[in-house]
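>>> One predicted model, sequence on top.
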Amino acid sequence: MLFRRTVLASFAALALLPLAAMAAELPDLGGKSVVVVTENAYPPLQFVDPKSGKPIGWEYDAMNEIAKRLNFKVEYQNTSWDAMIQAVSDGQYNIGMTGITIKEDRKQKVDFSDPYMRSQQFMLVRGDEKRFTEAKSFGAFKDGLVGAQPGTTPFYTAVYEVLDGNEQNPRIKLFETFGATVQALKAGDVDVVLTDGTAGKGYVDASGGALKLIGEPLGTEDFGFIFPKGSDLVAPVNAAIAALKADGTLDTLNKKWFLDYKMGE
């Protein structure tokens, strides 16, 4: 489907990683402990397996492989999106991973890794939605409500690419987690949720037809891991990302989580 082709095409962006780094020998971090924080809210990047109750996903697999190759011991912890960037900035955690868009304003607080994935925003709606079909017709649908987490890329996409540029627009209903916005969508409390395609596909696949993605992509964004400013982990992790790209490991993860994995099956 269109979305899947878009996701696969976006992986080509990883070819931008520096070739020299790919071939470099990876540093040995000597078994040090590294605390990685995530939200477990964005399937298939990171989420709780409904069958096993264990956290799984693309980012867990990638980070575990990075830890193995760099010889560090990874400990995972959870926090909300609202708290994540500030907590990493304050040094409470060594690395943050939750499909975080690389943005200039965020670089004031944290350092980013090189991009490991490129994604685009889509409109997630109920499966029987027929009142609008894309951003323009939703903008004209005056009763339509958007569910979003404040301060996130989906929030700003809703404000500036779907609605009227007013961040106080009453058509935007705020929620603490992305999962809560999706639950509100399912319940009929809002009519659309903006989501990156990777997470959106996960929710659509798990919905049994209750949800679908509509419209054209709304903006493009690169995902990176975040670190406290000046972290000595940035360079080794960048080298590992380059190595994973060079030997096809990221391609394998992309196939596993975006093509083969079926949520709930």
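On my side now, so go ahead. Residues are numbered from 1 along each chain as shown.

>>> how close does P115 sit to K103?
According to C-beta to C-beta, to the nearest Å, P115 stands 12 Å off from K103. (C-beta placed from N, C-alpha, C; glycine too.)

>>> These two: which is more packed in?
Shown here are P115 and K103; by other C-beta atoms under 10 Å, P115 has more neighbours (19 against 14).

>>> shouldn't the more buried one be in contact with D222?
Yes. Using C-beta atoms under 8 Å, P115 makes contact with D222 at a distance of 3.7 Å.

>>> residues in contact with the closest residue in space to Q46 that isn't next to it in sequence?
Excluding the flanking residues, the one nearest Q46 by C-beta to C-beta, 6 or more residues apart in numbering is G57, at 4.1 Å. For G57, the contacting residues are 42-47, 257, by C-beta atoms under 8 Å, 6 or more residues apart in numbering.

>>> now P228
P228 sits next to 88-91, 94, 110-111 when contact means C-beta under 8 Å, 6+ apart.

>>> so L218 sits in a strand?
Yes. Assignment of L218 by DSSP: H, G, I helix; E, B strand; the rest coil places it within a strand.

>>> mind listing what it touches?
Counted by C-beta under 8 Å, 6+ apart, L218 has contacts 120-123, 135, 157, 161-162, 194.

>>> and if we set it to 6 Å?
Shown in contact with L218 (C-beta atoms under 6 Å, 6 or more residues apart in numbering): 121, 157, 161.

>>> Can you tell me, leaving aside adjacent residues, what's nearest to it?
Q121 (4.2 Å).

>>> Equivalent analysis for K186, please.
Leaving aside its sequence neighbours, K186 sits nearest to A210 (C-beta to C-beta, 6+ apart; 6.3 Å).

>>> neighbours around that neighbour, how many?
13.
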